[in-house]
Each structure stands twice: as C-alpha cells, then as structure tokens.
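Enquirer: Below are the sequence and a predicted model for it; my questions follow.
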Amino acid sequence: MGFFNFKKGNKTESIKQLIEATLTTSLKDIMTTYVISIDKNEKLKNAANVIVGEKVSCVVVKEHEKPIAVVTERDFVKKVPFSKEEMDKLFVKDVMSPKLVTVSSSTTVFDAIIVLIKNNFRKLVVSDNNQTIGIVTQTDFVKLMDKFYDELTIQTNDLLTIEKVMTKKVLTIDENEKYSRAKELMDQKDLGSMIITENARPVGITTEYDVVAKMVEDPERLKNITVGEVMTAPLIGIAPEVNIFDANRLMLKENIRRLPVVKDGQLLGMITQTDLCRAMYYFLRITLWHIEKQDLKFESLKKSEPEKILL
C-alpha cells in the first residue's frame, strides 16, 4: 500500500504495522545524498553564497575532507555584523557551529529523531566508515510523516491540533523598526523568524534565511532600512483547529518551515517544522502505547486541505 507495505488484517494491527514501518525506516531511505560542503578556511561570504544559491539552511564544514562542523543560517544571525568590511574578513572557521553529531545510514528514524530532540538539532550528517554520504533534515522526517499520513485511517484523541503544540509567545516587530533591530532580537531570543506587524496586525515575516540572503546582496544597506521594506508578504497563516498532519502537508506544499496561527485576524501563536516533527513523532509513539495496552480508541479520519489564510 503506497510507500509502506504492511499486511492486511484488523485495523488496529494494520496501524501498528504502519507505525512500526515508519519508525524503523533507515536513514539511507530518506536522506539527501547531495551534501554541500565547504572547507573551514574558505571565506565566509562563499558559504553565504552557497546557502542562498542552493537555498539550503546549512553547509557541512570540512577539514582535510573530514566533516568537523556545520555553518548555518542561525550562525549568520548571531555572529555576523551588517558590515561588508567585517564580513569580508571572516572565514568559515570563525562562525561555524563546532558541535557536529553524525549518524550511520542504518540508523532508524526512531533513533535519529531522539538525537535531534536531545541536541535541539534540525539536521544530522550521515556518515559511514568516516565518509560523509548524506544529510538528513527535519524536512526529510516530515516528508516521511506525510507519506505515513497517506495511509492513516484513524482519528484518536492523541491526534493533536496545532493549537496544542504551537508556540504562544511570538516575536513581533513593527514594520517601521530597523532591520538591524530585528536581527538583534532574533539573536537574543535564539529564534529563526519574526512576525512584522502594522498597527499590531501581522502583515509579513522575516526569517534567518532572509538575513543571509540580504547580507549577500548588500550588508551595508541593512543598517538603515526598515523591516517593512524587506519583509516577505503577504503572510500565510493557518487556523488553530487544524491537525498536525494537515498543517505539515500545507507547509510542504508551500515550501515553508513556519506558519503563524491566526483567528479573526489575531495572531495566536506560531507553528514550526520543529514543533510538527516532534508532535507527529509523539503521535506515533503514544498510538503504539495504546495499542500495546489494548485500549486504543479511534474513529475514521476525515482528511481535508486546510485553508491558507493570507494576511
């Protein structure tokens, strides 16, 4: 049946087999084999050009062909000033994130997600015999969860809505504030995005990827412009009652990693790919637990495409 091949039987047993097939999937089956790398002694601006040109969130850093670190969008937000002169002086080794955790291609999705959660990572380098053979990101995990959702037929109390897992305290900034202030706040709060408001109403967004992209264009210009001049708009929002799998499907369709949660034009929170990855993993684990206890209660699942709210 589709991506997964489980035996026919009663519905509970079929769901169990489906979940187990998902959690025991090897990383070699979902990882990206195209790994973009850069030497630690290269100029930082080269890494920025790669991130923007390839539209990726990170680049693997190598020393003598061995992976030693990653340089990410977040590193640019936290460590690189809006100064062409200063940026030109920096090398990859000056800002890279040295904490590198590698996993083998035989690692299961179950074990890999535990590593992600434990280390608060969004990607893992896949290495066999000290050779980098791939990279697996949260996007790879949520794509697998979407394939799981194709086969899912049940609705349980544990199928959470995004209202239950969203971040309620959202970082916002007025459209007339300086873009440099937005970067400063994202650094201080260790967040990957900010909602831009007009008269307290959400109208746009800027992300850590946007920071890198704008720095590649002209870092000096960013010192004086307002967030309203460079924000991404219109802003796509989602209603709080949407379930986590439908929200994930919308994110994948729109190729975005975060959605503001809104109701009647009011900003209630933010749901990110990180939130969804963890919540969907929780759903699989808690459903298995109920099956093992023989107390799983479910009804038929009605799937629907959530409304894309433009702000």
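Expert: Thanks, I have the structure now.
Enquirer: Could you list the residues in contact with stretch 121-133?
Expert: With contact meaning Cβ atoms under 8 Å, 6 or more residues apart in numbering, stretch 121-133 is reached by 27-28, 31, 33, 35, 37, 57-58, 60, 62, 66-67, 70, 100-105, 107, 112, 115-116, 134-138, 273-274. In this view, the C-beta of every residue, glycine as well, is placed from N, C-alpha and C.
Enquirer: Show me what counts as buried in that stretch.
Expert: 121-127, 132-133 (16 or more other Cβ atoms under 10 Å).
Enquirer: cool, and stretch 258-278?
Expert: 258-262, 267-278.
Enquirer: for stretch 108-120, same thing?
Expert: 109, 112-113, 116.
Enquirer: What is the longest helix of this structure by residue count?
Expert: helix 273-293 (DSSP state H).
Enquirer: Kindly format the C-alpha coordinates of it as CSV.
Expert: What follows is helix 273-293, C-alpha atoms only, in CSV (Å, rounded to 0.1, in the frame of the first residue of the first chain):
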residue,chain,number,x,y,z
GLN,A,273,8.5,22.4,11.4
THR,A,274,10.3,21.6,14.6
ASP,A,275,7.0,21.6,16.5
LEU,A,276,5.3,19.4,13.9
CYS,A,277,8.2,16.9,13.7
ARG,A,278,8.1,16.4,17.4
ALA,A,279,4.3,16.3,17.7
MET,A,280,3.9,13.7,14.9
TYR,A,281,6.6,11.6,16.4
TYR,A,282,4.7,11.8,19.7
PHE,A,283,1.5,10.7,18.0
LEU,A,284,3.2,7.6,16.6
ARG,A,285,4.7,6.7,20.0
ILE,A,286,1.5,7.3,22.0
THR,A,287,-0.6,5.4,19.5
LEU,A,288,1.7,2.4,19.7
TRP,A,289,1.5,2.6,23.5
HIS,A,290,-2.3,2.5,23.4
ILE,A,291,-2.2,-0.4,21.0
GLU,A,292,0.1,-2.3,23.4
LYS,A,293,-2.3,-1.6,26.2
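Enquirer: what mean pLDDT would you report for the next helix or strand after that helix?
Expert: Going down the chain from helix 273-293, the next helix or strand is strand 299-300, by DSSP states H and E. The average pLDDT within strand 299-300 is 90.
Enquirer: same check, this time on stretch 49-57
Expert: pLDDT averaged over stretch 49-57 gives 93.
Enquirer: Run through who's touching that stretch.
Expert: 36, 38, 58-59, 72-73, 122-123, 137, 209, 212-213, 216.
Enquirer: ok, 6 Å please
Expert: 36, 59, 73, 212-213, 216 (Cβ atoms under 6 Å, 6 or more residues apart in numbering).
Enquirer: What strands flank the helix or strand bottoming out on mean pLDDT in the chain, and is each parallel or antiparallel?
Expert: Lowest mean confidence among the helices and strands of the chain (mean pLDDT, DSSP states H and E): strand 309-310, at a mean of 88. Here strand 309-310 has these sheet partners by DSSP bridges: strand 236-237 (antiparallel).
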